[in-house]
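sharing a model prediction with you, sequence too.
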Amino acid sequence: MAINVYNTLTRKKELFTPIEEGKVKMYVCGPTVYNYIHIGNARPAIVFDTVRRYFEYRGYDVHYVLNFTDVDDKLIKAANEMGEGVTEIANRFIDAYKEDVGALGVKEAVDHPRVTENMEEIISFIQGLVDKGYAYEAGGDVYFRTRSFDNYGKLSHQSVDELRSGSRIEVGDKKEDPLDFTLWKNAKPGEITWDSPWGTGRPGWHIECSAMAKKYLGDTIDIHAGGQDLTFPHHENEIAQSEAHNGESFARYWMHNGYINIDNEKMSKSLGNFILAHDLVKKHDPKVIRFFMLSVQYRHPINFSDELLKGAKSSFERIQNAYENIRHRKETAMSLQADRDEWMEKVHGFKEQFMKEMDDDFNTANAISVIFDLTKAANLYLQESQTHVDVLDAFEQTLEELLRVLGIQIGEETDLLDEEIDALIEERKQARKDRNFERADQIRDELKDRDIILEDTSQGTRWKRG
RNA sequence: GGCGGCAUAGCCAAGAGGUAAGGCAGAGGACUGCAACUCCUUUAUCACCGGUUCGAUUCCGGUUGCCGCCUCCA
């Protein structure tokens, strides 16, 4: 079995083969940290974290790099508005990013490079492009000479001439050609600046990723990923810069995730139809949010609404219930059973099926349906009058394992009930024995108010948090 | 104008050239003191029109509708 990845470059699914055996060098474009991220920004974080986790699950060592753009026009504007420094704002929102995305189960990247901490590399990268004739200085700015790079447009499948005829390209009087884009920006008075061979200024947006990918991962990387809207111009420009500069192919696989939509329209800061991850995580179980995002193939758009999230919650509860039921049943499990091996075999089969689905371009929607199949099998097993502890363990562990690949931690909550609650459950047990159902229901309602839900089963009463 | 995506049951969502996974919601039943959980049963001529084929919802062409990129944007 091998992993297939949809490559934007070729518009096909391709067999993944790493540059270096057993390793994946992966660069993901991170946020510009001038604000909290919205859930649209959270999607790539979750999706590519899942890609990473799956590679790791399959035994790869993943060098995962996610950058922070900590200086640009928006940050400068935000700094002016809030009367704070660019660095303070960047720091604040980097922390917020890590917190929000961490709540959603995203692992920390191996490297989190920041533009302001890689200024030397960026400047020398630009210098390299100037030296090779791919870039030129004009009035303190430096531009990339787009037409000098033959393969420009290969990622977005646009020809240079078609791009030119699009009327919305900024002309800019210093440019030789309207298609040229900025590598270095001359400082305006009062802006944060760095010294460079072209005077004081700061980098353009695209150059940072080329310079930092090179520094942290090398001239050619395995996977470069980001949101669909980065395909053009951002990633196209990165390719031009990196390949012009390094003389090597930049990234072997380009992955782009689809948008999150609100009422069928792209969620974006400029449209104002966004929901901050920071807020959503407080209102809903982050596990459910993540589950919801992964219930759709990553390249397809997801429509977002409270109602849909509610549906995801119900769905996820089915899995959670099965998991709790398995654990509860372990207390009364046996260790003798004729068809133990058959069941063990069966449980193992779900793992294989799960991998088969994930191998196909990380089809989490189908992978989740395999988890539901596993859930169903577990529920059926629990109907048996006798259960084997090995089989229950296998169900429990497989469920944990597969969900962990999706970045969803299940079952680590070990908060003990306080004695009071324990006592109430015990009292209710007695009341039921005495057929005092009035008191029994009273206790159940009381606990329900405290978010403890009781369930009576033939193996005794169990509880869960609502 | 250029490039691209999507259209599958009430809702969400996979999918393959041979009569369509999974989940939610609904209905009926089993279990239960009642619930909850769970189990069983139940719901689709896959936007429209042509073509290729023994056979297409899946391939090709066209139509319609929606969305995106071509400007900062995940």
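All right, it came through fine.

every contact and neighbour count from this point should use C-alpha atoms.
Will do.

near RNA strand B, which residues of the stretch 351-466 of chain A?
Residues of the stretch 351-466 of chain A lying near RNA strand B by C-alpha under 7 Å from any atom of the strand: A:363, A:365-366, A:368-370, A:372-373, A:375-376, A:379-380, A:382-383, A:432, A:437-438, A:440-441, A:453-457.

hmm, try it at 6 Å
A:365-366, A:369, A:372, A:376, A:379-380, A:437, A:440-441, A:454-457 (C-alpha under 6 Å from any atom of the strand).

which ChimeraX command selects the buried ones in those residues?
ChimeraX command restricting those to the buried ones, with burial defined by 16 or more other C-alpha atoms under 10 Å:
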select /A:365,366,372,379,440,454
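
tally of neighbours for residue A:162?
Residue crowding around residue A:162 was assessed by other C-alpha atoms under 10 Å; the count is 9.

which ones are touching it?
Contact analysis of residue A:162 by C-alpha atoms under 8 Å, 6 or more residues apart in numbering lists nothing.

could you check how far it is from RNA strand B?
For residue A:162, the distance to RNA strand B (C-alpha to the nearest atom of the strand, to the nearest Å) stands at 5 Å.

got it, and residue A:88?
Per C-alpha to the nearest atom of the strand, residue A:88 is found 19 Å from RNA strand B.

ok, residue A:294 next?
9 Å.

next, count neighbours for residue A:399.
Counted with other C-alpha under 10 Å, the neighbours of residue A:399 add up to 26.

same question for residue A:132.
Around residue A:132 there are 12 residues (other C-alpha under 10 Å).

likewise for residue A:197?
Applying other C-alpha under 10 Å, we find 12 residues neighbouring residue A:197.

does it sit in a helix, a strand or a coil?
Using DSSP: H, G, I helix; E, B strand; the rest coil, the structure places residue A:197 in coil.

any idea how far it lies from residue A:70?
Distance of residue A:197 to residue A:70, computed by C-alpha to C-alpha, to the nearest Å: 22 Å.

which bits of the stretch 151-300 of chain A sit near RNA strand B?
With C-alpha under 6 Å from any atom of the strand as the criterion, the stretch 151-300 of chain A meets RNA strand B at residues A:156-158, A:162-163, A:166, A:168-169, A:226-230, A:232-234, A:258-260, A:264-268, A:270, A:295-297, A:300.

give the contact list for the one residue in chain A that gets nearest to RNA strand B.
At 2.2 Å from RNA strand B, residue A:227 is the closest residue in chain A, using C-alpha to the nearest atom of the strand. Residues near residue A:227 by C-alpha under 8 Å, 6+ apart: A:44, A:256-259.

closest one of those to residue A:358?
For the contacts of residue A:227, the minimum distance to residue A:358 (C-alpha to C-alpha) is 15.6 Å, reached by residue A:257.

which pLDDT value goes with the closest one?
With respect to pLDDT, residue A:257 has a value of 97.

tell me the contacts of residue A:176?
Residues near residue A:176 by C-alpha under 8 Å, 6+ apart: residue A:145.

so for stretch A:329-336, what gets flagged as buried?
A:329-330, A:333.

swap in stretch A:440-460?
Buried residues in stretch A:440-460, counted by 16+ other C-alpha under 10 Å: A:440, A:443-444, A:447, A:452-454.

which residues touch that stretch?
For stretch A:440-460, contacts defined as C-alpha under 8 Å, 6+ apart pick out A:329, A:332, A:421, A:424-425, A:428-429, A:431-432, A:461-466.

what do you get for stretch A:384-396?
Residues outside stretch A:384-396 that contact it (C-alpha under 8 Å, 6+ apart) are A:323, A:326-327, A:329-330, A:333-337, A:340, A:343-344, A:347, A:374, A:378, A:381.

buried set for that stretch?
Buried residues in stretch A:384-396, counted by 16+ other C-alpha under 10 Å: A:387-392, A:394-396.

repeat for stretch A:72-80
A:72, A:75-76, A:78-79.

in helices only, show me these.
Judged by DSSP state H, the buried residues of stretch A:72-80 include A:75-76, A:78-79 as members of helices.

got the residues of the stretch 1-150 of chain A near RNA strand B?
For the stretch 1-150 of chain A, the residues in contact with RNA strand B (C-alpha under 6 Å from any atom of the strand) are A:29-32, A:40-41, A:43-44.
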